[in-house]
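Chemist: structure here, sequence nowhere to be found:
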């Protein structure tokens, strides 16, 4: 049983790895990833005078990295239950959550003063 996290949607995987996130990418995730790469390449080509293609390639790499981080963040949010995840629940099932144990533990803010 996984510790309880108050989420709006059911939890699919309480501790998803990068591999888990990449296995359940949606078409919209691929489009977002490609869009960030293409938009960055275009920006580098427009702004990168006099070495347009070198700057465009560099910007495409930066856009690819940015797109991958955003897509992994969104996919992890779906697996943890913070985003809409109907497809993931139907495919992988919801994980049982142990309501008696809170993952965050007790918080005593008086200690931090």
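Modeler: Ah, there it is. Nothing here was measured: the structure is a model prediction, and the numbers come from that model.
Chemist: identify the residues contacting stretch 78-95?
Modeler: By C-beta atoms under 8 Å, 6 or more residues apart in numbering, the residues outside stretch 78-95 that reach it are 2, 5, 7-14, 16, 20-21, 24, 26, 74, 77. Glycine gets a C-beta too; all of them are placed from N, C-alpha and C.
Chemist: buried subset of those residues, written for ChimeraX?
Modeler: Here is the ChimeraX command that picks out the buried ones among the contacts of stretch 78-95, judged by 16 or more other C-beta atoms under 10 Å:
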select :9,11,12,13,14,16,21,24,74,77
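Chemist: restricted to helices, list the contacts of stretch 78-95.
Modeler: 20, 21, 74, 77 (DSSP state H).
Chemist: how close does the residue nearest the centre of the chain sit to residue 21?
Modeler: The centroid of the chain falls nearest to residue 73 when counting by C-alpha atoms, centre = their mean (1.5 Å). Counting by C-beta to C-beta, to the nearest Å, the gap from residue 73 to residue 21 is 9 Å.
Chemist: equivalent analysis for residue 79, please.
Modeler: Taken as C-beta to C-beta, the span from residue 79 to residue 21 is 7 Å.
Chemist: least trustworthy helix or strand in the chain by mean pLDDT?
Modeler: Scoring the helices and strands of the chain by mean pLDDT, DSSP states H and E places strand 2-4 at the bottom, with a mean of 56.
Chemist: contacts only, for the residue of the chain most remote from its centre.
Modeler: The outermost residue of the chain relative to its centre, with distances by C-alpha atoms, centre = their mean, is residue 50 at 35.8 Å. With contacts defined as C-beta under 8 Å, 6+ apart, residue 50 has no neighbours.
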